[in-house]
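Colleague: Kindly return the folded structure for what I paste below:
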Amino acid sequence: MIPSVLIVDDEKHTRDGLRQALEDSYDVSVAANAEEAFNQLEAQEFDVILTDLRMPGKSGLKVIDKALALPNKPAVIMMTAYGSIDSAVEAMKRGAVDFLTKPVNIDRLEVLIQRALKTKTLEVEVKQLHERLDDKFNFNGIIGHSGKLQEVIDRVKLVAPSKATILIDGESGTGKELIAQAIHQISPRARAPFIAVHCAALSENLLESEIFGHEKGSFTGAMEKRVGRFEAADTGTLFLDEIGEISPSTQVKLLRFLETKAIERVGGSKPIELDVRLVAATNRDLEQLVREGKFREDLFFRLNVVRITLPPLRVRTDDIPMLLAHYIQFFAKENDLPALTVEPGALRYLQAYRWPGNIRELRNFAENTVVMHRGGKLTEYDLEPKFRGQVLALPAGGESSPAPGGPTAGGGGGAGQSHTPMANGGSLSVEENEKRLLREALIKSRGNRTKAAQLMGISRRTLHRKLAQWSELDVIDR
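Modeller: Below is the predicted model of the structure:
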């Protein structure tokens, strides 16, 4: 697309001369004064505006103000016949990218227009990048509305604008890096780098070199100087995940940075002062490591200025439906597959499951479900046994045997008379146990009543009678 240029000058011969000089390379429009320029700016978008400073009526400074108030700001170049430094400075303060003195040197003008176009393109790209980053890392990216999660978000919003060091703790898979990114993204450092290092993934020597950098020849294989993650994060945020895994020598160097705001590269002796905000995370009990002598107490206190503890997913069960919907939609789009709906029966089981891997496990479950499941709905019959809790044994081809006190063929003991022991030390009545066995048989047979009756060791007629008696089981034939 040909770049567009608007020339604003009250002298006709200047307008016409500039248009003739530029129209072979640009889509050129002209205006004889500021008011005409305003009308054209409202009618169409321009990439570059070339405006005279002194004109009858409103000056070129007003043209700058009008142009830079537009949603898609053009680049503005000021022209003046007076060569006034004060006028040029004022134009630049208003937002002009450069200025020219009259008579205009066309070669110089071409250079300034090309420079202005490159600047405008870069600004658009940077704006789009920041919009994508903001969309990725704003709080809409942290899925959930439970009270526990809102407490975390409120704390993040409170501490993010500060310079304080932050320690994030919580079980593996709870989203510690996402919280660290959110802290960075809403802080004054948002436009600076966010650098993450996973401490447990590197050996002691490699970790020190990775974090602090090294000088050429500082160790075998150090063929050249290396800038570490601290220096890469200057003016931004450094996130050290699994901080409880770092060695004693790395702990000393980290403590020194927190005390002096300076580092030394491995093999170096010159302190390098840095402006870096440190956010650390761990899934270990640092206080216990301190008591065991495995983590420095002074470093712990330096890290633990502000602490944010992430709740495990098992105490955020209200967030599970939203998380599932989000990840199912995400992976369906990624794999060009239709999204699934999770039936209420399946959702009840998934909310009751303890999710030892937390959000990471749920994310993997959603991806597996989207890729492997065929059909528009995920029902309780589609879930693996682990999601359905402790499955009572069913008499099926020698796989297992009935739980003590369970029903026999054609049977069904009197409700409330005898009880079956439970794993938690309580007991089930015969009727309660029979209901549970029947539900598990229906799940195992994916709702096929004939197969369920065979698993139970009862006739299909007896199974129908039980289902009529216990309508709350709410099952369907398949």
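
Colleague: got a list of what the spatially closest residue to Gly175 that is not a sequence neighbour touches?
Modeller: Nearest-residue entry for Gly175: Ile359, 5.4 Å, with adjacent residues in sequence omitted and distances by Cβ to Cβ, 6 or more residues apart in numbering. Where C-beta positions appear, they are placed from N, C-alpha and C, glycine not excepted. Going by Cβ atoms under 8 Å, 6 or more residues apart in numbering, Ile359 touches Gly173, Thr174, Gly175, Leu313, Leu323.

Colleague: Model confidence for the third one, exactly?
Modeller: To tie it back to what came earlier, the one meant is Gly175. According to the prediction, Gly175 has pLDDT 93.

Colleague: Could you report the neighbour count for it?
Modeller: Counted with other Cβ atoms under 10 Å, the neighbours of Gly175 add up to 22.

Colleague: With the fourth one instead?
Modeller: The number of residues packed around Leu313, counting by other Cβ under 10 Å, is 28.

Colleague: list the contacts for it?
Modeller: Leu313 is in contact with Gly173, Thr174, Asp319, Ile320, Leu323, Trp355, Asn358, Ile359, Glu361, Leu362, counting by Cβ under 8 Å, 6+ apart.

Colleague: returning to that earlier point: is it possible to export the contacts of Ile359 to a markdown table including distance to Lys294 and secondary structure?
Modeller: Output for the contacts of Ile359, formatted as a markdown table (distance: Cβ to Cβ, whole Å; DSSP: H, G, I helix; E, B strand; the rest coil):
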| residue | distance to Lys294 | secondary structure |
| --- | --- | --- |
| Gly173 | 23 | coil |
| Thr174 | 23 | coil |
| Gly175 | 26 | coil |
| Leu313 | 28 | helix |
| Leu323 | 34 | helix |
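
Colleague: Need the residues that contact stretch 241-260.
Modeller: Contacts of stretch 241-260 (Cβ under 8 Å, 6+ apart): 165, 167, 176-177, 196-200, 204, 207-208, 211-212, 230, 240, 262-264, 271, 274, 276, 278, 280-284, 286, 289, 295-296, 298-299, 302-303.

Colleague: at 7 Å what do you get?
Modeller: Stretch 241-260 is contacted by residues 165, 176-177, 196-200, 204, 207-208, 212, 263, 278, 280-282, 284, 286, 289, 295-296, 298-299, 302-303 when judged by Cβ atoms under 7 Å, 6 or more residues apart in numbering.

Colleague: Narrow those to those in helices?
Modeller: When helices are assigned by DSSP state H, the members of these inside them are Lys176, Glu177, Glu204, Leu207, Glu208, Phe212, Leu286, Leu289, Asp298, Leu299, Arg302, Leu303.

Colleague: Any chance of a ChimeraX selection covering the buried ones in the residues you listed?
Modeller: In ChimeraX syntax, the buried subset of the ones in helices among the contacts of stretch 241-260 is picked out as below (16 or more other Cβ atoms under 10 Å):
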select :176,207,208,212,286,289,299,302,303
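
Colleague: Now do the residue nearest to Gly175 against Leu313, distance only.
Modeller: Distance of Ile359 to Leu313, given as Cβ to Cβ, to the nearest Å: 6 Å.

Colleague: Tell me which stretches of the stretch 1-150 of the chain form helices.
Modeller: Shown for the stretch 1-150 of the chain, the helices assigned by DSSP state H, counting those that start in this stretch span residues 12-22, 34-43, 60-68, 85-94, 106-137, 147-159.

Colleague: what would the ones you listed look like in TSV with mean neighbour count?
Modeller: Compiled in TSV, the helices of the stretch 1-150 of the chain are given as follows (neighbours: other Cβ atoms under 10 Å):
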stretch	mean neighbour count
helix 12-22	15
helix 34-43	16
helix 60-68	21
helix 85-94	15
helix 106-137	13
helix 147-159	16
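
Colleague: Lowest average pLDDT across those helices?
Modeller: helix 106-137 (a mean of 71).

Colleague: Sort out which residues of the helix or strand hosting Leu258 are buried, please.
Modeller: Using DSSP states H and E, Leu258 falls within helix 248-260. Within helix 248-260, the residues scored as buried using 16+ other Cβ under 10 Å are Thr250, Gln251, Lys253, Leu254, Leu255, Phe257.

Colleague: what's the closest of those residues to Leu149?
Modeller: Leu254 (29.8 Å; Cβ to Cβ).

Colleague: low pLDDT regions in this structure?
Modeller: Along the chain, the parts satisfying pLDDT under 70 run over 82-85, 125-141, 389-434, 470-478.

Colleague: how does it divide up, domain by domain?
Modeller: 4-132, 141-311, 316-386, 401-473 (automatic domain parsing).

Colleague: rewinding a little: and of the helices of the stretch 1-150 of the chain, who's closest to Arg460?
Modeller: That would be helix 147-159 among the helices of the stretch 1-150 of the chain, by Cβ to Cβ, at 47.0 Å.

Colleague: ok, residues contacting the closest one?
Modeller: By Cβ under 7 Å, 6+ apart, the residues outside helix 147-159 that reach it are 139, 142, 166, 179, 182-183, 186, 306, 308, 310-311, 315-316, 319.

Colleague: Could you list which of the residues you listed belong to strands?
Modeller: Ile166, Val306, Ile308 (DSSP state E).

Colleague: Tell me the most packed of those, by neighbour count.
Modeller: Ranked by neighbours (other Cβ under 10 Å), these are led by Ile166, which has 25 neighbours.

Colleague: pretty sure that residue contacts Ile183?
Modeller: Yes - the criterion here is Cβ atoms under 7 Å, and Ile166 meets it with Ile183 at 6.4 Å.

Colleague: buried subset of the contacts of helix 147-159?
Modeller: Looks like the contacts of helix 147-159 have Ile142, Ile166, Ile179, Ala182, Ile183, Ile186, Val306, Ile308, Leu310, Pro311, Arg316, Asp319 buried, using 16+ other Cβ under 10 Å.

Colleague: What residues are bridge-paired with the second one?
Modeller: Yep, that's Ile166 we're talking about. Val279, Val306 (DSSP bridges).

Colleague: can you count the residues close to Met223?
Modeller: Using other Cβ under 10 Å, Met223 has 8 neighbouring residues.

Colleague: Provide a list of residues in contact with it.
Modeller: Each residue near Met223 by Cβ under 7 Å, 6+ apart is listed here: Lys216.

Colleague: any idea how far it is from Glu215?
Modeller: Taken as Cβ to Cβ, the span from Met223 to Glu215 is 11 Å.

Colleague: go on, Phe99?
Modeller: Between Phe99 and Glu215 the computed distance is 46 Å (Cβ to Cβ).

Colleague: Between these two, which has more neighbouring residues?
Modeller: A side-by-side neighbour count of Phe99 and Glu215, using other Cβ under 10 Å, places Phe99 first with 22 against 17.

Colleague: which residues does the nearest residue to the more buried one once chain neighbours are set aside bridge with?
Modeller: Of all residues not flanking Phe99 in the chain, Met78 sits nearest, at 4.1 Å (Cβ to Cβ, 6+ apart). Counting by DSSP bridges, Met78 is bridged to Thr51, Phe99.

Colleague: ok, Met78 touching Thr51?
Modeller: Yes - distance between Met78 and Thr51: 6.3 Å, which falls inside the contact criterion (Cβ under 7 Å).

Colleague: intersection of neighbour lists for those two?
Modeller: Counting by Cβ under 7 Å, 6+ apart, the residues touching both Met78 and Thr51 are Gly60.

Colleague: any chance you could map the strands in the stretch 251-400 of the chain?
Modeller: Under the criterion DSSP state E, counting those that start in this stretch, the stretch 251-400 of the chain contains strands at 262-263, 272-273, 277-282, 306-309, 341-342, 377-378.
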